[in-house]
Structure formats: structure tokens, C-alpha cells
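**Q** Got a sequence here, can you model it:
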Amino acid sequence: MSDSQTVSTAVAKLYDTYPFPPEPLLDEPPPGYNWRWNWLAAYNFCTGQKPQKQDIRILDAGCGTGVGTEYLVHLNPYASVVGIDLSAGALDVARERCKRSGANRVEFHHLSLYDVAQLSGEFDLINCVGVLHHLDDPIRGIQVLASKLAPGGLMHIFVYGELGRWEIQLMQKAIALIQGEKRGDYRDGVQVGRQIFASLPENNRIVKRERERWSLENQRDECFADMYVHPQEIDYNIDTLFELIDASGLEFIGFSNPGFWQLERLLGKAPELMVRAGELSDRQRYRLIELLDPEVTHYEFFLGRLPITKADWSNDDALMAAIAERNPCIDGFPSQCVFNYDYQIVHLSESELKFLQACEGKKTVAEILRHDVVQLELKQVRSLINQQLVMLTPS
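**A** Numbering: from 1, shown residues only. Model prediction:
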């Protein structure tokens with residue numbers, strides 16, 4: 001058996017033993033939204049405009065028990081969805097989950113990510129969350145996925161970060177040492193890990209990190225096993241992350257939490273340092289940020305296959321002529337206090353609320369401002385656009 005097959009067999013065994021994620025099955029659509037799984041919101045985030053089509057093909061690569069797959073189906077009513085996973089046990093749960101919630105535009109395949117070429121056609125959106133870092137060869141994995149991404153398509157990826165998971169790495173190694181020859185017996189690994197945590201002093205650094213960050217989700221053995229006894233894990237830093245991204249041959253569009261990657265929040269009080277940091281490349285600046293704020297437990301980002309057209313709304317005439325529509329990922333609307341696509345609170349003025357109420361995908365910005373008598377300046381309209389509250393379609 002090759003190294004790749006050995007790793008794949010071990011990973012499949014883990015998730016057959018502890019299907020993951022362990023979220024409960026519901027007899028209704030899942031609550032809320034994750035905008036990264038909503039084609040309209042994700043495409044708007046990446047390009048600054050609404051996509052031209054919604055009848056797309058989506059691949060959930062490494063779908064596990066179907067938690068993300070279920071959202072992908074319900075959040076994209078015109079899309080067809082394909083889910084693949086290495087674990088037959090996890091796929092059984094995924095099928096049952098989607099059946100019970102009415103997510104009926106999905107098909108599942110028991111496939112390794114490496115074998116994705118067996119699927120027909122290309123995909124407009126590929127979702128790969130928590131998978132690449134569990135492969136023995138993530139570069140090969142991302143290249144295989146990239147080969148299935150359609151021109152103009154997007155790939156959403158989530159991988160682990162080494163700096164924020166340092167204590168997790170230590171515990172993983174400690175459990176493995178104590179398990180010895182029993183390593184690979186995942187139930188024993190969970191038991192050993194639980195006993196270690198119960199025995200360590202209260203002020204132990206690993207215990208404190210677990211309590212502060214992970215303990216709630218790790219009450220479930222499935223989560224504990226995924227975190228502490230996984231047989232294969234590669235954690236990244238900015239340098240190694242971009243080696244992975246460059247190997248894909250795709251365009252790096254951006255992190256899905258751009259606020260974290262703003263150096264101003266860390267060095268804004270030192271303008272002379274900000275000037276000097278302005279000479280750094282984007283990647284050097286990202287590296288500086290994670291060195292100064294080493295809480296990075298994961299990286300979540302979008303890649304794209306050219307051609308990808310990014311909208312520029314700096315021209316007033318182009319902005320006025322664009323069709324305006326509300327972002328589908330807004331919670332609390334039509335209140336003046338809403339949660340935006342990223343669940344951040346936004347306080348709207350009466351005029352901003354009135355403008356959003358008129359953004360139904362039928363009128364241009366000019367028509368809303370004139371015919372609906374909305375008292376907004378274009379800079380305020382641009383602010384709503386920058387906050388991802390409004391999507392535009394060029395005329």
C-alpha cells in the first residue's frame with residue numbers, strides 16, 4: 001500500500017468511527033446562512049458585482065456529514081450540487097441529513113479528493129473546507145481540484161494555521177506518545193486525551209487554551225477526535241500557504257475575513273512604521289500581521305480561474321446606471337440595525353434603510369435616488385456597497 005493509500009485509509013477510519021461534523025439532523029432547512037456558501041454573496045465579495053448566472057454546478061470536496069453541503073443546496077436554489085468524501089460512514093449521514101431537510105438537488109459520491117477527475121464536467125464553485133490539510137500531498141490535491149474549476153469559477157478553501165494551533169499540536173504529539181502501538185485506535189486516543197486534560201494542572205498552558213478556545217465544541221467526542229487524534233495534519237503559515245496557492249495555478253482573490261488582514265489595526269498608532277510597512281509586498285504584510293497577532297487558527301480564502309472581471313464603481317455614471325439589489329445575506333432587515341453578510345452589526349440611517357428597501361434588483365441606482373426620493377449621496381451608496389449590503393449588476 002502506498003503512503004497516500006495508507007493515509008487515506010487511516011483518515012477514512014477516523015471519520016467512519018467519528019463522523020464529522022456532528023451537527024444534529026433537522027427536518028427543515030438549516031438556520032441562518034454562511035455567506036461563503038451563497039453563490040450571489042460570495043461572487044459579489046470576490047468581484048464587486050452580481051454573477052450573471054445562478055444555475056451553476058457546485059462541488060463540495062470533502063463534504064463529511066453534509067453540514068456545508070446542505071447549506072450549499074438551500075442557499076443556492078438554482079444550483080446542482082455534488083458532494084464527495086472518503087468516509088462511507090460520513091456520507092451515509094450526509095445523505096440522511098439532506099434527505100430530511102429537503103436538500104434534493106445533490107448527489108453524493110464515495111471518492112477520494114484525488115479521484116475528483118472521475119466526476120464529469122467542470123464546476124463554477126468548489127467548496128473545500130477542512131480537507132487539504134488532512135492530505136498527504138495537499139499540493140496534488142489543490143491541483144486536482146483546480147483542474148475541475150470552470151473558467152470564471154471560484155474556489156473557497158479553509159486550511160489550518162500553525163501559529164494559533166500550537167497547543168493543539170503539542171497535545172496531538174503527547175497523545176500519540178502515550179498511545180504508542182495503539183495509535184490509530186481513535187476511541188483509545190480520545191480516552192487518553194480526556195484523561196490528560198483531567199490530570200493537568202489548572203494553570204497549564206494547554207489546558208487554558210482548550211478552555212478559552214475549544215472546550216465547548218470538544219464536549220463532543222467527534223470534535224475532540226478531529227482535533228487531537230487525527231492521523232494526518234499539515235498546518236500552514238503565510239509563506240507555506242502561498243506555496244500551496246501558487247501551485248494551484250489559480251488567482252488569489254482574497255481572504256474571506258479581510259478585516260483581520262489590515263495592518264492598521266495593529267500598527268495604526270505608529271505612522272512611521274506604517275510608512276515603512278508600505279514598502280512590503282502584500283504577502284510580506286500578511287506575514288507581519290500573523291507574527292504580531294498569532295491567533296491565526298485557520299486561513300479561509302477564495303481563489304478564481306481567469307477570466308474574472310472585477311467591477312470598478314469609481315465612475316459615477318457607471319454606478320448610477322447599475323441595477324441595485326440587496327445582498328441575500330443580511331439578517332434583521334428591514335430594521336435599521338442589521339447583521340451584514342459577516343454577522344457584523346450595521347446601523348443604518350433612515351435614508352440608507354429606504355435605499356435598501358428599494359434595492360429589489362429592478363431599478364438602477366439613479367432611479368432609486370430620483371424616483372424614490374432617497375436622500376443619499378453617491379459616497380453613501382458606495383459605503384453600502386463596500387459593506388456588502390448592496391450588489392450591483394452593470395447596465
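**Q** going forward, measure contacts and count neighbours with C-alpha atoms only.
**A** OK.
**Q** what are the ranges of the helices in the stretch 151-300 of the chain?
**A** If DSSP state H, counting those that start in this stretch is used as the criterion, the helices of the stretch 151-300 of the chain fall at 166-179, 186-199, 205-209, 221-228, 238-248, 264-267, 271-277, 282-292.
**Q** quick one: which of these is nearest L306?
**A** Among those, the nearest to L306 by Cα to Cα is helix 238-248 (12.6 Å).
**Q** how is this structure carved up into domains?
**A** Annotated domains of the chain cover 3-162+235-305, 165-229, 316-393 [the TED database].
**Q** How far off centre is the first one?
**A** Per Cα atoms, centre = their mean, to the nearest Å, the displacement of domain 3-162+235-305 from the mean C-alpha position of its chain is 5 Å.
**Q** Quick check: end-to-end length of it?
**A** 31 Å (Cα to Cα, to the nearest Å).
**Q** Quote the end-to-end distance of stretch 212-220.
**A** One end of stretch 212-220 sits 16 Å from the other (Cα to Cα).
**Q** now swap in stretch 175-185 and tell me
**A** By Cα to Cα, one end of stretch 175-185 lies 11 Å from the other end.
**Q** What mean pLDDT does that stretch get?
**A** Mean pLDDT, computed over stretch 175-185, is 98.
**Q** cool, stretch 221-232 as well?
**A** For stretch 221-232, the per-residue pLDDT averages 98.
**Q** Need the contact partners of that stretch.
**A** The list of residues contacting stretch 221-232 from outside it, by Cα atoms under 8 Å, 6 or more residues apart in numbering, reads 7, 10-11, 14, 18-22, 133-136, 168-169, 171-172, 175-176, 184, 186, 189-190, 193, 217-218.
**Q** same question, stretch 59-72
**A** With contact meaning Cα under 8 Å, 6+ apart, stretch 59-72 is reached by 19-23, 29-30, 33-34, 37-38, 58, 81-87, 90-95, 97-98, 101, 103, 113, 123, 125-131.
**Q** Mind giving me the PyMOL command for buried ones among the contacts of stretch 221-232?
**A** Filtering the contacts of stretch 221-232 down to the buried ones (16 or more other Cα atoms under 10 Å) takes a single PyMOL command:
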select buried, resi 7+10+11+14+18+19+20+21+22+133+134+135+136+168+169+171+172+175+176+184+186+189+190+193+218
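**Q** just checking, what packs against the strand or helix carrying R382?
**A** Using DSSP states H and E, R382 falls within helix 378-386. In this structure, helix 378-386 makes packing contacts with no helix or strand, judged by 3 or more Cα pairs under 8 Å, 6 or more residues apart in numbering; DSSP states H and E.
**Q** on that earlier part again, so which of the contacts of stretch 59-72 are in helices?
**A** When the contacts of stretch 59-72 are checked against helices (DSSP state H), the matches are 90-95, 97-98, 101.
**Q** Buried by neighbour count, from these: which ones?
**A** In the ones in helices among the contacts of stretch 59-72, burial by neighbour count holds for 90-95, 97-98, 101, counting by 16+ other Cα under 10 Å.
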